[in-house]
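Novice: I would like to see how this sequence folds:
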Amino acid sequence: MTAPRPRPEVMAIAAYVGGEHKLPGVNRVLKLSANEGPFGPPPGALKAAVKAAAEMNRYPDGGSIELRRAVGARHGIDPARIVCGTGSDELIQHICHIYGGPGTDIVMSMHGFTMYQIAGTYAGSRVLKAPERNLTTCVDEMLAAVTPETTIMFVANPNNPTGSLLPETEMLRLRAGLRDDILLVLDSAYAEYVEAADYDAGTRMVDAGLNTIMLRTFSKIYGLGGMRVGWGYGPAEVIDAINRVRGVFNVNLIAQAAAVAALAEEGWVETCKAHNTEWRAKLSAAMERLGIVAHPTEGNFILADFGTAERAKAADAFLRTRGVIVRAMGAYDLPHCLRMTVGTAEECGLVAEALAGFTATQHG
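Specialist: Coordinates of the predicted model:
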């Protein structure tokens with residue numbers, strides 16, 4: 001007997017593995033492996049979700065009209081050029097299938113978000129990874145990776161998992177160096193955390209032409225990772241193409257209500273950003289004092305460099321004994337690193353304490 005066979009591209013994909021959240025035998029776990037917001041959802045979003053739950057027998061608004069209006073008002077952009085998705089991951093998948101496919105190439109940076117490779121391979125494209133410089137996307141290398149078959153380029157800015165950032169001038173140089181028929185996808189999932197003055201999440205670049213789309217998410221600073229809500233802002237033609245293939249009820253009723261309320265939560269983004277800026281710096285400094293390299297970051301996480309894969313693995317194992325779950329980076333070709341979310345003040349203190357305990361065992 002023969003069995004149904006999946007396409008070869010599918011079997012070539014290493015499935016994405018999300019951050020762990022449980023440790024056997026540990027009562028209190030600090031989950032710092034998924035870059036989630038440390039303070040839970042905004043109170044207004046929780047209230048709106050509870051209220052909306054009473055109507056879960058109804059289908060949601062298939063066009064996410066109220067949510068798109070709220071996003072447009074918050075960012076000063078046209079709601080008609082916004083598309084919402086089940087997280088930005090869904091939009092990444094659609095973009096790869098719409099503009100990629102067999103015979104096409106997709107370009108990303110060496111340590112870029114792994115979903116670009118998964119979605120691109122699933123679509124049948126060849127995914128090319130351009131070398132980085134100092135763990136930062138290199139414009140010259142990205143342009144050099146472009147082939148006549150290239151149709152899409154992904155750039156996460158800030159990048160996950162490195163936390164590195166390209167200034168707007170470099171992003172503009174990248175766009176100017178690309179053919180007009182290549183869609184540049186700016187993944188700005190961590191835009192709200194950026195402190196650099198020379199940064200634009202992508203709105204100006206989208207408005208400047210017909211070949212750039214910006215992706216955003218409610219999973220990080222808005223604390224709605226479990227709701228799976230993302231959105232994209234792009235040229236009308238690109239948004240129209242995505243709307244033709246996305247699930248008609250792709251963003252559920254409760255998620256839409258929570259996201260609208262999250263946008264309206266006064267002071268939420270500002271407070272969360274200030275906390276992240278403060279404790280990102282404090283935790284990085286604590287690592288450096290312990291001899292652990294904390295790479296510069298503009299996200300809500302820190303890429304900790306332990307020098308060797310063996311030492312990173314030992315650190316990960318030690319942290320687990322203290323109930324701390326971080327993210328190993330072997331899947332990103334960074335086996336000597338661990339990525340740690342910036343949690344609450346208490347969590348950051350406990351991580352610093354645990355790392356101090358680890359380095360003490362190494363020196364003992």
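
Novice: Buried residues of stretch 40-55, list them for me.
Specialist: Under the neighbour-count criterion of 16 or more other Cβ atoms under 10 Å, stretch 40-55 has Pro41, Pro42, Gly44, Ala45, Leu46, Ala48, Ala49, Ala52 buried. No exception for glycine: its C-beta is placed from N, CA and C like everyone else's.

Novice: hmm, who's touching that stretch?
Specialist: The list of residues contacting stretch 40-55 from outside it, by Cβ atoms under 8 Å, 6 or more residues apart in numbering, reads 222-224, 227, 253-254, 256-262, 264-265, 268.

Novice: Quick check: Tyr190 touching Asn300?
Specialist: Yes: taking Cβ atoms under 8 Å as the contact criterion, Tyr190 and Asn300 are neighbours in contact, 6.5 Å apart.

Novice: Quick check: neighbours shared by these two?
Specialist: With Cβ under 8 Å, 6+ apart as the test, Tyr190 and Asn300 both reach Asn35, Lys220.

Novice: any chance you could map the helices in this structure?
Specialist: Ranges of helices within the chain are 8-11, 43-53, 65-75, 87-99, 114-123, 139-145, 168-177, 203-207, 236-245, 253-264, 268-289, 309-321, 345-363, based on DSSP state H.

Novice: do you know which of those lies nearest Gly37?
Specialist: Across the helices of the chain, the minimum distance to Gly37, taken as Cβ to Cβ, is reached by helix 268-289, at 6.6 Å.

Novice: which helices and strands sit right next to that closest one?
Specialist: If you count contacts as 3 or more Cβ pairs under 8 Å, 6 or more residues apart in numbering; DSSP states H and E, helix 268-289 packs onto strand 293-294, strand 301-305, helix 345-363.

Novice: Same list, the ones you listed, but as a markdown table with mean neighbour count and distance to Asp240 please.
Specialist: Formatted as a markdown table, the helices and strands packed on helix 268-289 follow (neighbours: other Cβ atoms under 10 Å; distance: least, Cβ to Cβ, whole Å):
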| stretch | mean neighbour count | distance to Asp240 |
| --- | --- | --- |
| strand 293-294 | 17 | 43 |
| strand 301-305 | 25 | 35 |
| helix 345-363 | 16 | 43 |
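
Novice: ok, back up a step: and the helices of the chain, which one is worst for confidence?
Specialist: For the helices of the chain, the stretch scoring lowest in mean pLDDT is helix 8-11; its value is a mean of 80.

Novice: What are the contacting residues of that helix?
Specialist: With contact meaning Cβ under 8 Å, 6+ apart, helix 8-11 is reached by Thr121, Tyr122, Gly124.

Novice: again, only this time at 6 Å
Specialist: Outside of helix 8-11, the residues that reach it under the criterion Cβ atoms under 6 Å, 6 or more residues apart in numbering are Thr121, Gly124.

Novice: that older thread, select, out of the helices of the chain, the one closest to Arg216.
Specialist: Smallest distance to Arg216 across the helices of the chain (Cβ to Cβ): 6.8 Å, for helix 87-99.

Novice: what's the closest one packed up against?
Specialist: Secondary-structure packing of helix 87-99 (3 or more Cβ pairs under 6 Å, 6 or more residues apart in numbering; DSSP states H and E): helix 114-123, strand 212-217, strand 230-233, helix 236-245.

Novice: And for the nearest residue to Ala352 once chain neighbours are set aside, the neighbour number?
Specialist: If you skip the residues right next to it in sequence, Ala352 has Ala286 as its closest partner in space, 4.0 Å away by Cβ to Cβ, 6 or more residues apart in numbering. Ala286 is surrounded by 18 other residues when neighbours are defined as other Cβ atoms under 10 Å.

Novice: my guess is Ser164 meets Leu135, correct?
Specialist: Yes: here Ser164 lies in contact with Leu135, judged by Cβ atoms under 6 Å, at a distance of 5.5 Å.

Novice: Neighbour count for those two, which is higher?
Specialist: Regarding Ser164 and Leu135, a neighbour count based on other Cβ under 10 Å identifies Ser164 as having more, with 24 against 20.

Novice: What's the per-residue pLDDT of that one here?
Specialist: At Ser164 the predicted local distance difference test score is 97.

Novice: Tell me the spatial nearest neighbour of it, not counting adjacent residues.
Specialist: Thr136 (3.9 Å).

Novice: Gly247 too?
Specialist: Closest to Gly247 by Cβ to Cβ, 6+ apart is Thr86, at 7.4 Å.

Novice: what's the spacing between that neighbour and Phe249?
Specialist: Look at Thr86 and Phe249: by Cβ to Cβ, to the nearest Å, they are 10 Å apart.

Novice: From the neighbour counts alone, determine which of these two ranks first.
Specialist: Neighbour count, other Cβ under 10 Å: between Thr86 and Phe249, Thr86 has more, with 19 against 14.

Novice: Dihedrals phi and psi, the more buried one?
Specialist: phi -80, psi 80 (degrees, to the nearest 10).

Novice: Could you measure from it over to Thr217?
Specialist: Summarising the geometry, the distance separating Thr86 from Thr217, computed by Cβ to Cβ, is 11 Å.

Novice: same question, Asp207
Specialist: Taking Cβ to Cβ as the criterion, Asp207 is separated from Thr217 by 20 Å.
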